[in-house]
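S.K.: Would you be able to build a 3D model of this:
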Amino acid sequence: MSTFQFPPSIRSRPVYGILEPRPGKVHLMIADAEGAAAFIDLAFRAPELVAKAHVIYIPKSTDFAAALHALNPAQYYEGPSYSAAVSRIKRVLSDASMDLQIYLAGTEGLIGQALNEAMQAGYDYTAIQTEHRGSVARRMQCVHCKGITEDVTTDPFQCSHCGLNLFVRDHYSRRLAAFQGVCIDAEKPGSVPPFKELYS
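M.R.: The predicted structure follows:
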């Protein structure tokens, strides 16, 4: 499965790679949706990792769950949402030793939030592998009301909390695991350009 090539952008915008096997006693793999395909590819290249892997997967209406489960990882958890899985993620991170290898794959929203949890647990973000797969939807924070809107696919978009029309910026906050959106018609209310798909 091909991965989306994000256009060049500002320095704060995340850059994703391709998951590579690394030596370690335990491997934590967190994915949503098409991110599972990155783990399947990794397991094909390094099947020995799977026996030591704790896989946490959020399907999001995709059909990779059976294939992931068939890899027979050491531990497997499948949850309905990131919020349902986050307590398990925190527990695994808090119980693990520093030689834990962390692999994150899927949407930017999942990668950002899981990366944030790992950093809070003391892991250096530069040591955590990430691979984007699937949707290019963004997790956005309104800089005005501070509300988070998940799965934003258009620019501009309407804040799900305060209703303002927001410009989708490439500025990314690692602390919030979200991109930033600012009011697009603050100086001239009602002057909103047509909504267009991201990267179209």
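S.K.: Domain map for the chain?
M.R.: 27-132, 138-197 (automatic domain parsing).
S.K.: quick one: terminal-to-terminal distance for the last one?
M.R.: With Cα to Cα, to the nearest Å as the measure, domain 138-197 spans 11 Å from end to end.
S.K.: repeat for the first one
M.R.: Taking Cα to Cα, the first and last residues of domain 27-132 lie 18 Å apart.
S.K.: how distant is that domain from the center of its chain?
M.R.: Using Cα atoms, centre = their mean, to the nearest Å, the distance from the centre of domain 27-132 to the centre of the chain it belongs to is 10 Å.
S.K.: just to revisit the earlier point, between the domains of the chain, which gets nearest to residue 11?
M.R.: Across the domains of the chain, the minimum distance to residue 11, taken as Cβ to Cβ, is reached by domain 138-197, at 9.5 Å. The C-beta positions use only the backbone N, C-alpha and C, and glycine is treated the same way.
S.K.: Point out the most buried one among the domains of the chain.
M.R.: domain 27-132 (a mean of 18; mean count of other Cβ atoms under 10 Å).
S.K.: Please name the residues that touch residue 57.
M.R.: Applying Cβ atoms under 8 Å, 6 or more residues apart in numbering to residue 57 gives the contacts 30-32, 36, 64-65, 68, 76-79.
S.K.: If I look at residue 200, what pLDDT would I see?
M.R.: According to the predicted model, the pLDDT of residue 200 comes to 65.
S.K.: per-residue pLDDT, residue 61?
M.R.: On the pLDDT scale, residue 61 gets 87.
S.K.: How about residue 76: what's its closest non-neighbour residue?
M.R.: Closest residue to residue 76 in three dimensions, ignoring its sequence neighbours and counting by Cβ to Cβ, 6 or more residues apart in numbering: residue 55, at 5.0 Å.
S.K.: so what's the one you found bridging to?
M.R.: According to DSSP bridges, residue 29, residue 76 are recorded as the beta-bridge partners of residue 55.
S.K.: Would you agree it is in contact with residue 77?
M.R.: Yes: using Cβ atoms under 8 Å, residue 55 is in contact with residue 77, at 7.1 Å.
S.K.: Let me see the ranges of the helices in the chain.
M.R.: With DSSP state H, the ranges of helices along the chain come out as 35-45, 47-50, 65-70, 82-95, 108-120.
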